[in-house]
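Peer 1: Everything below, folded, please.
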Amino acid sequence: MDADAASQLAAIKGRIQKAQERFGPPAPDVTLVAVSKTFAADAVEPFLAAGQRIFGENRVQEAKDKWPALRERYPDVQLHLIGPLQTNKVREAVALFDVIQTVDREKLASMLAAEMQKSGRKLPCFVQVNIGGEDQKAGIATDEAVAFVARCRDVHGLDIVGLMCIPPDGQPAGPYFAHLATLARDAGVTGLSMGMSGDFETGIAMGATHVRVGSALFGTRPPIV
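Peer 2: Here you go, the predicted model:
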């Protein structure tokens, strides 16, 4: 399993490097966020042993159950929250995660700011944008995104480092990623978390600084119980 994990990790990193060389992204580097949601610790550890240190989780409770023991063995792990955050989970999220990628509403921004001040942990954050205007997806509306970033910084004091999005299924991702890049420039942020297993190379072409890759590394996800 360790050899398989190392091979898969090397393959994805190779594809990232080739995309960078081909497209010449504005960012000097692209961060691979290995999306380990739904996978148990024993499936994640081979990737840790292979050198991967940045992981993404969707659910606070799952991460709380999985990562403390792994972090005892790999203390330099950086954990990103990439799923919707409920306000009743803010305290746990701030304690557990190192980056919050899903700030998407005023109340959440306010509560994150208060908890970070209380705990003394000032985490970098991304604003999640509902780039396709889909009712079923989280994220701030595109026409509100720039102003929301400003409020998160100026009113709440959050360290907003970039924007994040999930494009609509079944549609070419490129135009949506290009739109997010434009919003980021208008908002004065440089981070762009965009691109998953099926479209991360397109994300890199449009200037992604972070790509969130799960199934291309870990394989088919186990069913959520």
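
Peer 1: residues touching the nearest residue to Arg15 once chain neighbours are set aside, list them.
Peer 2: With sequence-adjacent residues excluded and distances taken as Cβ to Cβ, 6 or more residues apart in numbering, Arg15 is closest to Glu201, at 6.5 Å. C-beta here means a position set from N, CA and C on the backbone, and glycine is covered the same way. Contacts here follow Cβ atoms under 8 Å, 6 or more residues apart in numbering; on that basis Glu201 touches Arg15, Ile16, Ala19, Gly195.

Peer 1: what's the lowest-pLDDT member of those residues?
Peer 2: Scanning the contacts of Glu201 for pLDDT, the smallest score is found at Ala19, 89.

Peer 1: and the strand or helix carrying that residue, how far from the chain's centre?
Peer 2: Per DSSP states H and E, Ala19 falls inside helix 2-23. The chain centre lies 18 Å from the centre of helix 2-23; the measure is Cα atoms, centre = their mean, to the nearest Å.

Peer 1: Then stretch 48-55?
Peer 2: For stretch 48-55, the distance to the chain centre is 16 Å (Cα atoms, centre = their mean).

Peer 1: Excluding chain neighbours, give the residue nearest to Ala138 in space.
Peer 2: Residue nearest to Ala138 in three dimensions, not counting chain neighbours: Pro84, with 4.6 Å by Cβ to Cβ, 6+ apart.

Peer 1: Just the local confidence number for the one you found, please.
Peer 2: 96.

Peer 1: now swap in Phe97 and tell me
Peer 2: For Phe97, the model assigns a pLDDT of 98.

Peer 1: Can you name the residues that contact His156?
Peer 2: Ala109, Ser110, Leu112, Ala113.

Peer 1: which two from the residues you listed end up farthest apart in space?
Peer 2: By the measure Cβ to Cβ, Ser110 and Leu112 form the most distant pair in the contacts of His156, at 7.3 Å.

Peer 1: was I right about the residue nearest to Ala138 contacting Val103?
Peer 2: No: taking contacts as Cβ atoms under 8 Å, Pro84 lies outside contact range of Val103: 10.5 Å.

Peer 1: Which residue of the two possesses the greater neighbour count?
Peer 2: Under the criterion of other Cβ atoms under 10 Å, the comparison of Pro84 against Val103 puts Val103 first, with 26 against 16.

Peer 1: I'd say that one and Ile160 touch.
Peer 2: Yes: look at Val103 against Ile160 with Cβ under 8 Å: they come within range, at 7.4 Å.

Peer 1: which residues do the two both contact?
Peer 2: Contacts common to Val103 and Ile160, judged by Cβ under 8 Å, 6+ apart, are Cys125, Phe126, Val127, Cys152.

Peer 1: Output the below-cut-off pLDDT ranges for this structure.
Peer 2: 1, 24-28, 222-225 (pLDDT under 70).

Peer 1: And the strands in it, which stretches?
Peer 2: 31-35, 54-57, 78-81, 99-103, 124-130, 140-141, 159-165, 191-193, 210-213 (DSSP state E).
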